[in-house]
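> just a sequence and a predicted model for now, questions to come.
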Amino acid sequence: MMKKTVGKICVNVLAWLLSLICMIPLLLILFNSLKDKNAASDMNLSLPTLPIPWENFATVIEKGKLVTSFLNSLTYSFGSVILCSVLAVMAAYVLSRNATRLNKILFMFLVLGITLPINYVALTKVMLFLHLNNTKLGIILLYAAMQLPFSVFLMHGFVARIPIELDEAAVIDGCGCVKLFFWIIMPLLRPVLATVFVLTFLNTWNEFVSPLYFLSSSDKWPMTLSVYNFFGMYFKDWNLVCADILLTSLPVILVYLLGQKYIVSGMTAGAVKG
Amino acid sequence: MQKRKTYPIWFAAGALILYTVLFVIPSIIGIGYSFTDWSAYTEELHFVGLENFKVILSPEENYRKIIGNTLLFTLVTVIFKNVLGLAMAVLLSKSVKALNFHRGVMFMPSVLSTLILGMIFSSILNPAEGLLNVFLRKVGFDFLALQWLTSPKYAFGTVMAVDIWRGTGYIMTILIAGILSISTEYYEAASIDGANGLQKFFYITLPLLLPTLATTTVLNVIYGLKVFDMIYALTNGGPGKATTEVLYTIVFKKFGTGQYAVGTALSSVMFVFMLIIGFFMIRVMTKGEVQE
C-alpha cells in the first residue's frame, strides 16, 4: 500500500514537472510583458511587481502597428479558412460518395499534397503570372490551397460515415443535388467542419513563410511577421517584445482553448483505428 | 439514383483547380526551371542541362552537408519525439490528478507560432544571461552552461532539442488517443494472469499501438524533411558555415540572393523524394478507412 502511494506521488510530480517545462516560455512572456523595461531586461521568471505598466500594451499596439497586422492576419485566416472549408467539403463529398476509379485517383492526387513540399521559387512565377504577387487575395488563395489536402482527407473519412440511404430518400422526394448537399449533408458534417475550421485557423495564423516570399510591403504583413520585425528593432526592450508576442499569440491560444476537442479529433483521425 | 447527377463532379472542381494551380503546377514547372540558368540577373533563360544538379552534388559545395543535416534532423527528432511522446502518453493515461490540464498544457507549444518560440528561446538560451544558463549556474552545474546557439559544436543539437520540446506534446496527444482506444479487457485478462505493469506495456500497449506509431512517424518524417521555421527563427543556418542549414532554409537563401535555378533544383529533388514517401504515407493513413 505504501509503495503504491509513493508511486502515485512520483507520477503526479513528474506530470507537473513536464507541464512546467512546457509552460516556462509562456510564463516568461506573460510575466515580462507586465514589467517595466529594466525589470524585463533579464528575462527571468520573477513575478512582476506593482504597479503593472499597462502602457506596454498601448505602446506596442502603436509602435508595432498591431492594428493593421491584426486585421491582416484576420483577413488571411478567415478568408482562407472559409474558402478552404467550403471547397474541401464539396470535393470530399462527391469524391467519397461517387467513388469511381477516376474519383479515387483524384482523391489520391489531392491528398498527396499533405506530403509534398511547395516549390516557393517556382511559385513566384505562377503568382506573378496571375497578378497575385504582393496581394492579400494571393495569400488567401495560397493558404487555402496549402490546407486543402489535409482538409479533404479529414472530411472524406467523415462523409463515408453518413448513411447513403439519407441521400436516396432525399432524391426520391425530389431533392436536387445542390439542395441535398447544403440542406441535408452539410448540417451533419458540422463537427468535422469545426475541426477543419480550428486547424486551418491555427495553421494560417502562425504561417509566415508565404508572406516572407510573396508580400514585399510591410503594411500587408500578418502579425507573426510584424512581431519578428518589431523584435529586430526593439530587441533591447523585452517588456515590449513580450507584450507584442502575447497579443499576437492570444488569438491562437483562445481558439485552442475553445476548440481543443476539435483539434484532437482532427489530429487523431487517420492516426488511430479503433 | 444516378450517381453522376446526384454527386456532380463540379463540386470538386474548385478544390482541384486551386490545388493544381498553386500547388502542383509550381512543382512541375519548377522541375523544368531546374535545367535552366534562371536567376535574378538573367534576362532570358538558357537550357543548361544538369548543371544545377552538378552544383548541388559537387563536393566543394555545402549541399551534401545540408542534405545530411536535413536527414539527421529528421531522424533524431522522429526518434526522440516518438519515445518521449510515448512515455508521456503512458504517464498521462494513468490515474494522474488534473489529467486534462496536463494534456492541454503539454500540447500548448505546438499551438504557438514557431517564429515566436524562436524569439523566446533565443532569450532563454542566451549564453550570458539566458534563463537556462542562469539556472544551471545557480544549481552548480556551471560546466553545463554552454553556448547553446552560438557555438557551432552545440547549435544543431540545441535546435533539435527545441524542436523536440515543441513537437512531443503533439505526438503524445495522438498516442493518448491510441492508448485509450485499446480495450481494457486485455489489461484485465493480463492482470488475472499476473502480468506486471512493464509486461502489460510490452505485450499489450506497444503491439497494439504500432499502427498509431507508424502514423506519427510518417507525420514526423514529413515535417522534419520540410522543416524551415524553427531553424529560420533560431539560427538561420548559422553559426559558422552551414552548421544548422537544412534544405528549406537554403532554398529561401537562394531565393533571397536571386539564384533561382539552384533553389528550384533543390526544391525539385525534395519534391521527387517526398512524392515517393507520400505514396507510402497515404497508404498508411487511408488504410482501414474503407471498412468504416
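Cool, the structure landed.

> where along the stretch 101-250 of chain A do the helices fall?
Assigned by DSSP state H, counting those that start in this stretch, the helices in the stretch 101-250 of chain A fall at A:101-111, A:120-129, A:136-159, A:165-172, A:177-179, A:186-188, A:190-206, A:209-214, A:223-233, A:238-268.

> endpoints of stretch A:34-48, how far apart?
In stretch A:34-48, first residue to last residue: 6 Å (CA to CA, to the nearest Å).

> ah, wrong one, I meant stretch A:173-186
By CA to CA, one end of stretch A:173-186 lies 18 Å from the other end.

> residues contacting it, please?
Stretch A:173-186 is contacted from outside by A:89-90, A:93, A:159, A:162, A:166-167, A:170-171, A:193, B:5-8, B:11, using CB atoms under 8 Å, 6 or more residues apart in numbering or on different chains. No exception for glycine: its C-beta is placed from N, CA and C like everyone else's.

> hmm, try it at 7 Å
With contacts defined as CB atoms under 7 Å, 6 or more residues apart in numbering or on different chains, stretch A:173-186 is touched by A:Tyr93, A:Ile162, A:Leu166, A:Asp167, A:Ala170, A:Val171, B:Lys5, B:Thr6, B:Tyr7, B:Pro8.

> ok, and which of the helices of the stretch 101-250 of chain A has the densest surroundings?
Mean neighbour count (mean count of other CB atoms under 10 Å in any protein chain shown) peaks for helix A:136-159 among the helices of the stretch 101-250 of chain A, with a mean of 23.

> helix A:120-129 and that one, what's the angle between them?
Interaxial angle of helix A:136-159 relative to helix A:120-129 (axes from the mean of the first three to the mean of the last three CA atoms, to 10 degrees): 110 degrees.

> ok, helix A:136-159 near chain B or not?
Yes. Using CB under 7 Å from any CB of the partner chain, helix A:136-159 reaches chain B at A:Leu141, A:Leu142, A:Ala144, A:Ala145, A:Leu148, A:Val152, A:Gly157.

> most widely separated two among the contacts of stretch A:173-186?
A:Ile162 and B:Lys5 (18.9 Å; CB to CB).

> more neighbours, those two?
Each of A:Ile162 and B:Lys5 has its neighbours counted (other CB atoms under 10 Å in any protein chain shown); A:Ile162 has more, 16 against 11.

> what pLDDT is listed against that one?
Model confidence at A:Ile162, given as pLDDT, is 86.

> and A:Ala170, by the same measure?
pLDDT, read off for A:Ala170, is 87.

> and A:Tyr143, by the same measure?
What the model reports as pLDDT for A:Tyr143 is 94.

> give me the element the closest residue to it other than its chain neighbours is part of.
Leaving aside its sequence neighbours, A:Tyr143 sits nearest to A:Ser80 (CB to CB, 6 or more residues apart in numbering or on different chains; 3.6 Å). A:Ser80 belongs to helix A:66-97 when assigned by DSSP states H and E.

> and the angle for that helix with helix A:136-159?
Angle of helix A:66-97 versus helix A:136-159, following the same axes, to 10 degrees, is 40 degrees.

> what angle do the host helix or strand of B:Ile29 and helix A:120-129 make?
Secondary structure assignment for B:Ile29, by DSSP H and E: helix B:25-33. Calculated by the same axes, to 10 degrees, helix B:25-33 forms an angle of 110 degrees with helix A:120-129.

> report the buried residues of helix B:25-33.
Neighbour counts using 16 or more other CB atoms under 10 Å in any protein chain shown place B:Ile25, B:Pro26, B:Ser27, B:Ile29, B:Gly30, B:Ile31, B:Tyr33 of helix B:25-33 among the buried residues.

> contacting residues around the nearest residue to the fourth one once chain neighbours are set aside?
Counting by CB to CB, 6+ apart, the nearest residue to B:Ile29 once its immediate chain neighbours are dropped is A:Ala122, at 5.2 Å. The neighbours of A:Ala122, taking CB under 7 Å, 6+ apart as the test, are B:Pro26, B:Ile29, B:Gly30, B:Tyr33, B:Thr264.

> using PDB, list the CA coordinates for whichever helix or strand comes after the helix holding B:Ile29.
Beyond helix B:25-33 in the direction of the C-terminus, DSSP H and E gives the next helix or strand as helix B:51-57. What follows is helix B:51-57, C-alpha atoms only, in PDB (Å, rounded to 0.1, in the frame of the first residue of the first chain):
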ATOM      1  CA  GLU B  51      24.400  21.900 -64.400                       C
ATOM      2  CA  ASN B  52      22.400  22.900 -61.300                       C
ATOM      3  CA  PHE B  53      22.300  19.300 -60.100                       C
ATOM      4  CA  LYS B  54      26.000  19.000 -60.600                       C
ATOM      5  CA  VAL B  55      26.400  22.100 -58.300                       C
ATOM      6  CA  ILE B  56      24.200  20.500 -55.700                       C
ATOM      7  CA  LEU B  57      26.200  17.300 -55.600                       C
END
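
> report the buried residues of the helix or strand following helix B:51-57.
Once the chain leaves helix B:51-57, the next helix or strand it forms, by DSSP H and E, is helix B:63-91. Under the neighbour-count criterion of 16+ other CB under 10 Å, helix B:63-91 has B:63, B:66-67, B:69-70, B:73-74, B:76-78, B:80-82, B:84-86, B:88-91 buried.

> what's helix B:63-91 packed up against?
Judged by 3 or more CB pairs under 7 Å, 6 or more residues apart in numbering or on different chains; DSSP states H and E, helix B:63-91 is in contact with helix A:2-33, helix B:155-180, helix B:206-225, helix B:247-256.

> with distance to B:Ile120 as extra columns, can I get the helices of the stretch 101-250 of chain A in JSON lines?
Below are the helices of the stretch 101-250 of chain A laid out as JSON lines (distance: least, CB to CB, whole Å):
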{"stretch": "helix A:101-111", "distance to B:Ile120": "35"}
{"stretch": "helix A:120-129", "distance to B:Ile120": "26"}
{"stretch": "helix A:136-159", "distance to B:Ile120": "25"}
{"stretch": "helix A:165-172", "distance to B:Ile120": "49"}
{"stretch": "helix A:177-179", "distance to B:Ile120": "49"}
{"stretch": "helix A:186-188", "distance to B:Ile120": "41"}
{"stretch": "helix A:190-206", "distance to B:Ile120": "14"}
{"stretch": "helix A:209-214", "distance to B:Ile120": "19"}
{"stretch": "helix A:223-233", "distance to B:Ile120": "10"}
{"stretch": "helix A:238-268", "distance to B:Ile120": "7"}
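
> closest one to B:Asn220 among the ones you listed?
Across the helices of the stretch 101-250 of chain A, closest to B:Asn220 is helix A:238-268 (CB to CB), at 12.9 Å.

> report whether the closest one contacts chain B.
Yes. On the criterion CB under 7 Å from any CB, helix A:238-268 is in touch with chain B at A:Ile245, A:Thr248, A:Ser249, A:Val252, A:Ile253, A:Tyr256, A:Gln260, A:Val264, A:Met267, A:Thr268.

> what average pLDDT does that helix get?
For helix A:238-268, mean pLDDT rounds to 85.

> give me the angle between that helix and helix A:136-159.
With the same axes, to 10 degrees applied, the angle from helix A:238-268 to helix A:136-159 works out at 30 degrees.

> which elements pack onto helix A:238-268?
Of the remaining helices and strands, those touching helix A:238-268 by 3+ CB pairs under 7 Å, 6+ apart are helix A:2-33, helix A:37-40, helix A:55-63, helix A:190-206, helix A:223-233, helix B:114-124, helix B:155-180.

> point out where the stretch 1-150 of chain B drops to low pLDDT.
Applying pLDDT under 70 to the stretch 1-150 of chain B picks out residues B:1.

> now with 90?
Applying pLDDT under 90 to the stretch 1-150 of chain B picks out residues B:1-12, B:30, B:32-70, B:89-150.

> over to the stretch 151-292 of chain B?
In the stretch 151-292 of chain B, residues with pLDDT under 90: B:151-158, B:167, B:169-171, B:173-188, B:190-191, B:193-205, B:208-267, B:269-292.

> how much space between A:Pro211 and chain B?
A:Pro211 sits 11 Å away from chain B, going by CB to the nearest CB, to the nearest Å.
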